[in-house]
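Student: The following comprises the amino acid sequence and a computationally predicted model.
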Amino acid sequence: MPWWILWLIAAAALGAAEFLTLTLAFGLLAVAALVAAIVAGLGLPVVIQTLAFALTAGAGLAIVRPIAKRHMSHPPVIREGTDALVGRHAVVLEEVTAAHGLIKLSGEEWSARALDDAQVIPEGTLVDVMEIDGATAVVYPRDELLR
């Protein structure tokens with residue numbers, strides 16, 4: 001069996017291992033095996049193929065992997081302003097319909113409307129804020145979300 005096929009099989013196996021583990025190490029080794037397959041395809045000896053694999057793998061693991069891991073470990077996005085209110089709980093102060101209503105959200109009174117146009121949410125109901133539309137909170141009853 002030609003060496004380039006063996007290198008391709010190794011690349012596929014390493015790629016599958018990367019898919020299962022998501023470590024990035026196996027993916028870089030798969031790329032190194034592809035480089036070795038190209039070198040083998042050019043008809044160069046096994047020593048050169050192995051050297052190409054080792055150099056590519058070493059460069060990938062020493063240079064590319066730390067950079068990629070640094071980019072993947074960004075802190076979670078911090079929501080600010082009205083975006084931070086989406087997903088919070090509120091209490092209905094005045095009946096909420098598709099057109100109007102009033103809720104208490106984060107200690108403040110907010111105008112509100114129901115997410116479902118056909119829904120009327122009575123006073124005292126616990127709701128979740130689904131979105132903020134201008135100065136109006138779009139809400140949905142929490143009990144119905146839990147069903």
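Tutor: Sure, I can see it. What you are looking at is a predicted structure, and each value in this text was computed from that prediction instead of being measured.

Student: where along this protein do the helices fall?
Tutor: Secondary structure of the chain by DSSP state H: the helices cover 3-21, 25-41, 46-59, 65-72, 142-146.

Student: so who does the residue nearest to residue 17 when sequence neighbours are not counted touch?
Tutor: Excluding its sequence neighbours, the residue lying closest to residue 17 (CB to CB, 6 or more residues apart in numbering) is residue 26, at 4.1 Å. Every residue, glycine included, has its C-beta placed from N, CA and C. Residue 26 makes contacts with 14-15, 17-18, as judged by CB atoms under 8 Å, 6 or more residues apart in numbering.

Student: List only buried entries from those.
Tutor: Those of these that meet the buried threshold are 14-15, 18, by 16 or more other CB atoms under 10 Å.

Student: Among those residues, which one lies nearest to residue 39?
Tutor: Minimum distance to residue 39 across the buried ones among the contacts of residue 26 is 16.3 Å, recorded for residue 14 (CB to CB).

Student: Go ahead and confirm the closest one touches residue 27.
Tutor: Yes - under the criterion of CB atoms under 8 Å, residue 14 makes contact with residue 27 at 7.4 Å.
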